[in-house]
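J.: please find the sequence and the predicted model below.
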Amino acid sequence: MLDADISKRVWIARYLMVIGIVILHVPPYQALSELDGSIFGYIKAFFAHGVFRASVPVLTVMSGYLIFATQLHLKPVKLFKKKVSTLLVPLILWNLPLAIAVYLVQRFNIIDYQFSMELYPFDLFIWLDANLGLSRIPINYPLNFLRDLFVIALLSPLIGWVLKKGAFLGLVGVFIVYFYNVEGELILRNSMLISFYCGALLAYKAYDLRRLDKYAFPCLLSFVVVCISIVAFQIENRELFRMVSPFMIWPALSLLESTKLGTLLYRYSGNSFFTFLAHGPLLVILWVVFNKLPVELPYYVFWLLTPITIVCLTIIANRLLKCVAPRVALFVLGNR
């Protein structure tokens, strides 16, 4: 069992990172090289290319830690059943309806929007990709995280064996696999393998997760400076940042735990998975609506209000679903 304080921080981190992913995905994507020099442009880039690029690494490290802290890696059958329920089932259920909707939109030319896939006319392999992400990002693109996490989680028994034989030598091996992309298309975002292994290593070695808390403020300051540098120097390769950022963010979160914001995040943290699953389609809908408004609004209004709108909508929708159809809610949310 996790310590109560650590468990609380995990829930706070999970919801904060999911909200960060929502902010990160607010369309349209703008490369660092395309910054227009405006103050808003730099602020957006600071969060989109800096701060919240750490969201997936933080969530991945925590996933690795939790699997190994609960010793689920020692029970392969139970591990498989649980991850099918908590990751694979939501991956399919939250891709399939969107895939059908996109098919109908493209077939009948309902709206003018460039989706990531052409699902009309029907092609079996493209539809498998759209729903499972076999060789590329699925149609509900944020769920690529679930796809890769499912694969890596199933590798946990192997990772456990590597940890037992030589934890730090194994870390070197994981870096080699990552650097040369040895796993090919098995893991699409292969830097997740390193993050997951680091989380597993922390649990395997039973490290005190509060060890760096005394350096919380320097960690936060360092993280902010790195994010500013990414924007200022237009650093496109952020792989190293993704790998080290969780170890700056985790201790920094100790500063948040006892604040009103931390309490608020913890109170509503049960909505984190629903928010993650639903935010992709909601972003598309809100972007289409924004572009169809009869009056022209500044883009920064959309960028500021969209994450707030999605967070509020998903809290309401999640509660409504659990009240009206609790069994359905349990199933589509992976028994969470």
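T.: Received, thanks. Numbering: from 1, shown residues only.
J.: when you work out contacts or count neighbours from here on, use the C-alpha atoms and nothing else.
T.: OK.
J.: pLDDT weak spots in this protein?
T.: For the chain, the stretches flagged by pLDDT under 70 are 1.
J.: work out which residue lies at the spatial centre of it.
T.: V56 (4.2 Å; CA atoms, centre = their mean).
J.: relative to M117, how far out is that residue?
T.: Separation of V56 from M117 (CA to CA, to the nearest Å): 23 Å.
J.: repeat for V162
T.: 38 Å.
J.: mind naming the longest helix for this protein?
T.: Assignment by DSSP state H gives helix 299-324 as the longest helix of the chain.
J.: buried residues in it, which are they?
T.: For helix 299-324, the neighbour count (16 or more other CA atoms under 10 Å) marks F302, W303, T306, P307, I310, V311, T314, I315, A317, N318 as buried.
J.: make TSV from these and add distance to F217 to it.
T.: As requested, these are exported to TSV (distance: CA to CA, whole Å):
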residue	distance to F217
F302	32
W303	29
T306	30
P307	27
I310	30
V311	28
T314	32
I315	31
A317	36
N318	35
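J.: burial of Q234, as a residue count?
T.: 16 (other CA atoms under 10 Å).
J.: what's the burial count for the closest residue to it other than its chain neighbours?
T.: Nearest residue to Q234 in three dimensions, chain neighbours excluded: L32, at 5.6 Å (CA to CA, 6 or more residues apart in numbering). Neighbour count for L32, taken as other CA under 10 Å: 20.
J.: which ones are touching L32?
T.: Going by CA atoms under 8 Å, 6 or more residues apart in numbering, L32 touches A45, H49, V231, Q234, I235, E236.
J.: let's verify the fourth one: helix, strand, or coil?
T.: Of the three states, Q234 takes coil under DSSP: H, G, I helix; E, B strand; the rest coil.
J.: helices of the stretch 101-250 of the chain, start to end?
T.: Applying DSSP state H, counting those that start in this stretch to the stretch 101-250 of the chain gives helices spanning 124-132, 144-154, 156-179, 191-204, 216-232, 239-244, 246-252.
J.: buried deepest among those helices, which one?
T.: When the helices of the stretch 101-250 of the chain are scored by mean count of other CA atoms under 10 Å, the highest mean neighbour count falls to helix 191-204 (a mean of 24).
J.: by contact count, what packs against that helix?
T.: helix 55-69, helix 144-154, helix 156-179, helix 239-244 (3 or more CA pairs under 8 Å, 6 or more residues apart in numbering; DSSP states H and E).
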